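Enquirer: can you look at this prediction? I've put the sequence above it.
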Amino acid sequence: MFDKPFSDFVAVVKGAGELASGVAFRLHRAGFQVVMTELDRPSCIARTACFAAAMLEGRKELDGVVAVRAASVAQALAEAREGHVAVLADPVAACAREIRPAVLVDGIMAKRNLGTSPDDAPIVIGLGPGFTAGQDVHAIVETKRGHRLGWVLMEGSAESNTGVPELIDGQSISRMLTAPTAGLVKARCQIGDRVRAGEPIASVASRPVVAAISGIIRGLLPDGYEVESGSTIGEIDPAAEREYCWTLSDRALAVGSGCLAAILELWPKLSGAEELPARARGRRPRTSPGDEILGATEFALLGLLADHPAHGYELSKAFGPEGDLQQVCKVGLSQLYAYLAKLESLGLVAGAPGGQAPAAPRSGGGRPPKKVFAITDAGRRQFEQWLGRPVPGTAYLRVDFMAKLFFARRRPAGELRELLDGQIEVIEQELAELSASRAPGYRAEVAQAYDGFARAGLDWLTSLRAE
């Protein structure tokens, strides 16, 4: 079985309101590891139908997807790797500079751009009005109800905000509950309650807020929120079923689907980035240093293709019983093709039909031509950078460094010695830090064991350099 196609990538969604939650839901289901950013106390009125509720409750589940409040970027990435949607208190999405996501979606719904730039990620998408595609985002998803809801715009802007709520069952402005004055909200009803026209729903600074129509309360700010005069504090849906108050709306899912369609259309853009987006590994064991998006086997495939183009079956022989790389990289044929598809999606290799499989023709013709893969200029640059940099510690000598050594031995002696010199320097620094450790008890035993591993690695590297 192949992994989901985006399982190695992080998507940052600015905002965790209703429409942003539809985006996060779709991206999470597609395999992305999703981090959402929000205010510490969100002002989403439809809070029971959006992931912003996790900021107040610590956890929010919608249609089988669980969102968890994270206290830091590190925790957010850990939660995302564990299969949750992480929600972080970060109104300006400053975390994107540290995370380096493959995709960033501005779902704040401010009706204007509050600071999103196309440089924020390889793919940047804006929801609704306030953005210009090709200028401050790469694409826009239409959020206005109607025939064009969810459409992807690669140029121009979404339909302008009229300031008038859209019609639902013939009702527009009358659906909205607005503050008659500035002050603190005091709710008299709850989301999901059925109310009648003229019934008091809440109060602001002791002044009542009365329902103009009958229906279900679909959104309402909780007690204690301070609001300005004329701001929206709730919404009544004249047509909705009560259970809809706790599920993602059709509009949110349509916008989320449009966002996913925009990503698929823009995905080749990733191949034009000089620096690959950061890796966010899922539940698989972590073997590659830091946040590298490619593992040792994927870099090894680039190295093999740097020699000459080849089809998947030919490449698999290098990892089979007779191949030297089998000692370091364990990969089955189906997973190897998944790696090649990933490398192709990143623009690091290019595949094209080339050659006929050696088999007798069947009825209807022979087998389809095998796909031959060739490394691209971007792939060659990524491989050369990987081959020239040491791994960051002893823990990565067994797989990542050994894979580098396989290819470095094919190079001039000077390049191999340069790699060994750099790696020895890294391990010596690791030993110095371990020696300076003053951890007591069990931690001291662990540090002593790591010190032994590092010294053994240093001895081996030194002997290699002496050859």
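Expert: Yep, it's here.
Enquirer: and the helices in the stretch 1-150 of the chain?
Expert: Assigned by DSSP state H, counting those that start in this stretch, the stretch 1-150 of the chain shows helices spanning 18-29, 53-57, 73-81, 95-99.
Enquirer: pick the most buried one from these.
Expert: Stretch with highest mean neighbour count among the helices of the stretch 1-150 of the chain: helix 18-29 (a mean of 27; mean count of other C-beta atoms under 10 Å). Just so you know, the C-beta spots here come from the backbone N, C-alpha and C atoms, and that holds for glycine as well.
Enquirer: what is it packed up against?
Expert: Helices and strands touching helix 18-29, as assessed by 3 or more C-beta pairs under 8 Å, 6 or more residues apart in numbering; DSSP states H and E, comprise strand 10-14, strand 33-38, strand 65-70, strand 85-89, strand 103-106, strand 123-127, helix 250-266.
Enquirer: what residues of the fifth one count as buried?
Expert: I take that to be strand 103-106. 103, 104, 105, 106 (16 or more other C-beta atoms under 10 Å).
Enquirer: I'd say the second one and residue 93 touch.
Expert: Yes. Applying C-beta atoms under 8 Å as the test, residue 104 and residue 93 come out as touching, 7.4 Å apart.
Enquirer: shared neighbours of the two, anything?
Expert: 12, 14, 120 (C-beta atoms under 8 Å, 6 or more residues apart in numbering).
Enquirer: would you list those in a markdown table and tack on distance to residue 235 and neighbour count?
Expert: Output for the shared contacts of residue 104 and residue 93, formatted as a markdown table (distance: C-beta to C-beta, whole Å; neighbours: other C-beta atoms under 10 Å):
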| residue | distance to residue 235 | neighbour count |
| --- | --- | --- |
| 12 | 28 | 29 |
| 14 | 22 | 27 |
| 120 | 31 | 21 |
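Enquirer: what's the pLDDT at residue 366?
Expert: Looking at residue 366, its pLDDT reads 46.
Enquirer: ditto for the one 10 residues further on
Expert: At residue 376 the predicted local confidence, pLDDT, stands at 92.
Enquirer: any idea how many residues pack against the closest residue to it other than its chain neighbours?
Expert: With sequence-adjacent residues excluded and distances taken as C-beta to C-beta, 6 or more residues apart in numbering, residue 376 is closest to residue 350, at 5.5 Å. A total of 17 residues lie near residue 350 under the criterion other C-beta atoms under 10 Å.
Enquirer: helices or strands next to whatever helix or strand residue 350 lives in in the packing?
Expert: Per DSSP states H and E: residue 350 is located in strand 349-353. Under the contact criterion of 3+ C-beta pairs under 8 Å, 6+ apart, strand 349-353 touches helix 296-307, helix 333-345, strand 371-375.
Enquirer: list the buried residues in the shortest one.
Expert: Taking 16+ other C-beta under 10 Å as the basis for neighbour counts, the residues of strand 371-375 that come out buried are 371, 372, 373, 375.
Enquirer: same question for the longest one.
Expert: Taking 16+ other C-beta under 10 Å as the basis for neighbour counts, the residues of helix 333-345 that come out buried are 335, 336, 337, 338, 339, 340, 341, 342, 343, 344.
Enquirer: mind checking pLDDT for the first one?
Expert: Looking at residue 335, its pLDDT reads 85.
Enquirer: any idea how far residue 156 is from residue 189?
Expert: Going from residue 156 to residue 189 by C-beta to C-beta, to the nearest Å gives 42 Å.
Enquirer: do residue 223 as well
Expert: Taking C-beta to C-beta, one finds residue 223 at 12 Å from residue 189.
Enquirer: higher neighbour count, the two?
Expert: Taking neighbours as other C-beta under 10 Å, residue 223 and residue 189 compare with residue 189 leading, 16 against 11.
Enquirer: circling back to that earlier point, least reliable of the helices and strands packed on strand 349-353 going by mean pLDDT?
Expert: Comparing mean pLDDT across the helices and strands packed on strand 349-353, the weakest is helix 333-345, with a mean of 86.
Enquirer: chain center to it, what's the gap?
Expert: A distance of 20 Å separates the centroid of the chain from that of helix 333-345, by C-alpha atoms, centre = their mean, to the nearest Å.
Enquirer: related to what we said a few turns ago, what sits up against the strand holding residue 350?
Expert: Outside strand 349-353, the residues that touch it by C-beta under 8 Å, 6+ apart are 301-302, 305, 340, 343-344, 368-376, 379.
Enquirer: may I have that strand as PDB, with CA atoms only?
Expert: Output in PDB follows, covering the C-alpha atoms of strand 349-353 (Å, rounded to 0.1, in the frame of the first residue of the first chain):
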ATOM      1  CA  VAL A 349      13.300  13.300 -11.300                       C
ATOM      2  CA  ALA A 350      11.400  13.100 -14.600                       C
ATOM      3  CA  GLY A 351       9.700   9.900 -15.800                       C
ATOM      4  CA  ALA A 352       8.800   9.100 -19.400                       C
ATOM      5  CA  PRO A 353       7.900   5.800 -21.300                       C
END
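Enquirer: Provide the strand pairings for that strand, with the direction of each partner.
Expert: strand 371-375 (antiparallel) (DSSP bridges).
Enquirer: next one: the helix or strand following the partner strand to chain centre, how far?
Expert: Sequence-wise, the next helix or strand downstream of strand 371-375 (DSSP H and E) is helix 377-388. With C-alpha atoms, centre = their mean as the basis, helix 377-388 stands 24 Å off its chain's centre.
Enquirer: packing partners of helix 377-388?
Expert: In terms of contacts (3+ C-beta pairs under 8 Å, 6+ apart), helix 377-388 is packed against helix 296-307, helix 402-408, helix 413-435.
Enquirer: and these as a markdown table, adding distance to residue 176?
Expert: A markdown table is the format used below for the helices and strands packed on helix 377-388 (distance: least, C-beta to C-beta, whole Å):
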| stretch | distance to residue 176 |
| --- | --- |
| helix 296-307 | 52 |
| helix 402-408 | 60 |
| helix 413-435 | 59 |
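Enquirer: point out the most buried one among the ones you listed.
Expert: Comparing the helices and strands packed on helix 377-388 by mean neighbour count (mean count of other C-beta under 10 Å), helix 296-307 comes out on top with a mean of 23.
Enquirer: can you list contacts of that one?
Expert: Contact with helix 296-307 is made by 287-288, 294, 310, 315, 318-319, 325, 328-329, 331, 336, 339-340, 342-343, 348-349, 373-375, 379-380, 382-383, 386-387, 399-400, 403, 406-407, as judged by C-beta under 8 Å, 6+ apart.
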